[in-house]
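Asker: Let me see the structure of the following:
(2 chains)
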2 protein chains.
Amino acid sequence: MFRSDVRQYLSVYLVMDLSGHEGKSALEIARAALDGGVTMIQLREKKAPLSRVIEEGRALRELCRKYGVPFLVNDRVDVALALNADGVHVGQDDLPGSEARKLLGVDKIIGISAGTMAEAEWAMAQGADYLGVGAVYSTLTKGDAGAPIGTGLISEIKQRWPHISMVGIGGIDASNASPVIQAGADGVAVVSAIVRQSDPCLAARQLKQEICPGRS
Amino acid sequence: MFRSDVRQYLSVYLVMDLSGHEGKSALEIARAALDGGVTMIQLREKKAPLSRVIEEGRALRELCRKYGVPFLVNDRVDVALALNADGVHVGQDDLPGSEARKLLGVDKIIGISAGTMAEAEWAMAQGADYLGVGAVYSTLTKGDAGAPIGTGLISEIKQRWPHISMVGIGGIDASNASPVIQAGADGVAVVSAIVRQSDPCLAARQLKQEICPGRS
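Answerer: Sure, this is the predicted structure:
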């Protein structure tokens, strides 16, 4: 199951919505990113009608299955259930991880966001399979991401819970990913660094090269 | 089960959030409204962290159980599942009713909003147990409710699907509820007419008297 091996899927974690970019559909971007080596995909769509999220999410879900890559849904556990996604990623204001677990069962991945040590403690208490820590750098993608916190919290979390899997998120690309990994993250979650690039496949490959220099 | 008898629970349908009013908590308002004869309650909370929705929703849910009144959750099927609510009410942009049904099983109530005949057709195709039709009158409660449509659509829906259960919603109170019932609705869904009154119990009783003059 993906859940027990979640750490290995965190290297290059693509977070995306359904809006596409410069004529490319979300599905096309996802396919290119998977070809480039993306290891996990999260659908974070906050605006579209859920009928569209279900329809297009189903295609993304099938694509991920073909590539053997986990597919997660942001926030909405009901949408994750409807899509039979591999898990959810929830923020501090979303359904608590413990409630999500009851609905999803033991096989699904539950990731939880943390921007402070107190939030990380809460996430750990809720039974997070991995933490999404940030915003590491400043980002324009997520309006409510708050001021950047750098990599310090990742180091502190790594010291407190050496076993927990973790990604950094927020303004990360190939040029600044290394410090995130050096601080203790297992990978990076990115939006713009892949979605908004003219060649998402190449962008994913460069990120992967930066995170996992030994692997192609 | 509530679902097969949903029509009888629609008479005075209270839609509320968790914000309370003038020093009264949401739970206190709900209790007063139930004492006044409210026949169904829907929790429609769009802003609070879901951890709070779960916690306070659980208390509302228990209260409704004591009164033998169905408790529904707006939009979030996952929250409805977590609270073991008696159903959900979904809008046109929410999870489609057919998807909600798969997640909720056959015993739960699914209500769907409709503001046009096309939306009513979609709701019927999705397997709605009842329709919430409006906004009948102008309302300040729901910013995205759109311009008031009067009672004409209720009459049209009643002609097209005489068997479907239906409430009017939007700006309804004891003074203007009668035309909604005369047009074919089984009841009225209200927010302000109960929640924002100094005596929610009395307000509920007056509404009930207007809708069901034969019953106390």
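
Asker: Could you pull out the buried residues of stretch A:103-117?
Answerer: Buried residues in stretch A:103-117, counted by 16 or more other C-beta atoms under 10 Å in any protein chain shown: A:Leu103, A:Leu104, A:Lys108, A:Ile109, A:Ile110, A:Gly111, A:Ile112, A:Ser113, A:Ala114, A:Gly115. In short, each C-beta sits where N, CA and C put it, glycine included.

Asker: in chain A, which spans are strands?
Answerer: A:12-16, A:40-43, A:71-74, A:87-90, A:109-114, A:130-134, A:165-169, A:187-190 (DSSP state E).

Asker: Show me what the last one packs onto, helices and strands only.
Answerer: Under the contact criterion of 3 or more C-beta pairs under 8 Å, 6 or more residues apart in numbering or on different chains; DSSP states H and E, the helices and strands touching strand A:187-190 comprise strand A:12-16, strand A:165-169, helix A:178-182, helix A:200-211.

Asker: Could you dump these into JSON lines and include mean neighbour count?
Answerer: What follows is the helices and strands packed on strand A:187-190, written out as JSON lines (neighbours: other C-beta atoms under 10 Å in any protein chain shown):
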{"stretch": "strand A:12-16", "mean neighbour count": "27"}
{"stretch": "strand A:165-169", "mean neighbour count": "28"}
{"stretch": "helix A:178-182", "mean neighbour count": "17"}
{"stretch": "helix A:200-211", "mean neighbour count": "22"}
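
Asker: The ones you listed: which one's closest to B:Lys158?
Answerer: Shortest separation from B:Lys158 across the helices and strands packed on strand A:187-190 is recorded for strand A:12-16, at 44.3 Å, computed as C-beta to C-beta.

Asker: Give me the residues contacting the closest one.
Answerer: Outside of strand A:12-16, the residues within contact range by C-beta atoms under 8 Å, 6 or more residues apart in numbering or on different chains are A:26, A:29-30, A:33, A:37-44, A:74, A:167, A:169, A:187-191, A:194-195, A:204, A:207-208, A:211.

Asker: The same query, at a cut-off of 7 Å, please.
Answerer: Around strand A:12-16, the neighbours that count as contacts under C-beta atoms under 7 Å, 6 or more residues apart in numbering or on different chains are A:26, A:29-30, A:33, A:37-44, A:167, A:187-191, A:194-195, A:204, A:207-208, A:211.

Asker: which among those end up buried?
Answerer: Buried among the contacts of strand A:12-16 by 16+ other C-beta under 10 Å: A:26, A:29-30, A:33, A:37-44, A:167, A:187-191, A:194-195, A:204, A:207-208, A:211.

Asker: Check the burial of A:Ser198 by counting its neighbours.
Answerer: 9 (other C-beta atoms under 10 Å in any protein chain shown).

Asker: for A:Glu56, same thing?
Answerer: Neighbourhood size, A:Glu56 [other C-beta under 10 Å]: 17.

Asker: picking that back up, out of the buried residues of stretch A:103-117, who's nearest B:Ser4?
Answerer: Nearest to B:Ser4 out of those is A:Leu103 (C-beta to C-beta; 25.4 Å).

Asker: Now do the same contact list for the closest one.
Answerer: A:Leu103 makes contact with A:Val77, A:Leu81, B:Asp78, B:Leu81, B:Ala82, according to C-beta under 7 Å, 6+ apart.

Asker: could you dump these to a markdown table with distance to B:Asp93?
Answerer: Output for those, formatted as a markdown table (distance: C-beta to C-beta, whole Å):
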| residue | distance to B:Asp93 |
| --- | --- |
| A:Val77 | 18 |
| A:Leu81 | 18 |
| B:Asp78 | 16 |
| B:Leu81 | 20 |
| B:Ala82 | 21 |
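
Asker: Of these, which is the most crowded?
Answerer: A:Val77 (30 neighbours).

Asker: roughly how far apart are that one and B:Leu83?
Answerer: 13 Å (C-beta to C-beta, to the nearest Å).

Asker: do A:Trp161 as well
Answerer: According to C-beta to C-beta, A:Trp161 stands 31 Å off from B:Leu83.

Asker: Compare those two (neighbour count), which wins?
Answerer: The residue with more neighbours, out of A:Trp161 and B:Leu83 and counting by other C-beta under 10 Å, is B:Leu83; that gives 21 against 16.

Asker: residues contacting that one?
Answerer: B:Ile54, B:Gly57, B:Arg58, B:Arg61, B:Val73.

Asker: can you pull out the helices in chain A?
Answerer: Counting by DSSP state H, one finds helices in chain A at the ranges A:26-35, A:50-67, A:77-83, A:97-104, A:117-125, A:152-160, A:178-182, A:192-195, A:200-211.

Asker: Now the second one: average pLDDT?
Answerer: This predicted structure assigns helix A:50-67 an average pLDDT of 98.

Asker: which residues sit in contact with the residue of chain A positioned farthest from its centre?
Answerer: What lies farthest from the middle of chain A is A:Gly23; by C-alpha atoms, centre = their mean that is 23.6 Å. If you count contacts by C-beta under 7 Å, 6+ apart, A:Gly23 has none.

Asker: So for A:Leu10, what's the nearest residue that isn't a sequence neighbour?
Answerer: Distances taken as C-beta to C-beta, 6 or more residues apart in numbering or on different chains place A:Gly187 nearest to A:Leu10, at 3.7 Å, with adjacent residues excluded.

Asker: gap between that neighbour and A:Gly132?
Answerer: For A:Gly187 relative to A:Gly132 (C-beta to C-beta), the value is 10 Å.

Asker: Can you check which residues contact both of the two?
Answerer: Here A:Gly187 and A:Gly132 have A:Val167 as joint contacts, going by C-beta under 7 Å, 6+ apart.

Asker: For the closest residue in space to A:Cys212 that isn't next to it in sequence, grab the count of nearby residues.
Answerer: Nearest non-adjacent residue to A:Cys212, counting by C-beta to C-beta, 6+ apart: A:Ser11, 5.5 Å away. Residues lying near A:Ser11 (other C-beta under 10 Å) number 22.

Asker: Quick one: residues contacting the residue nearest to A:Ala114 when sequence neighbours are not counted.
Answerer: Residue nearest to A:Ala114 in three dimensions, not counting chain neighbours: A:Ala120, with 4.0 Å by C-beta to C-beta, 6+ apart. Counting by C-beta under 7 Å, 6+ apart, A:Ala120 touches A:Ala114, A:Leu131, A:Ile157.
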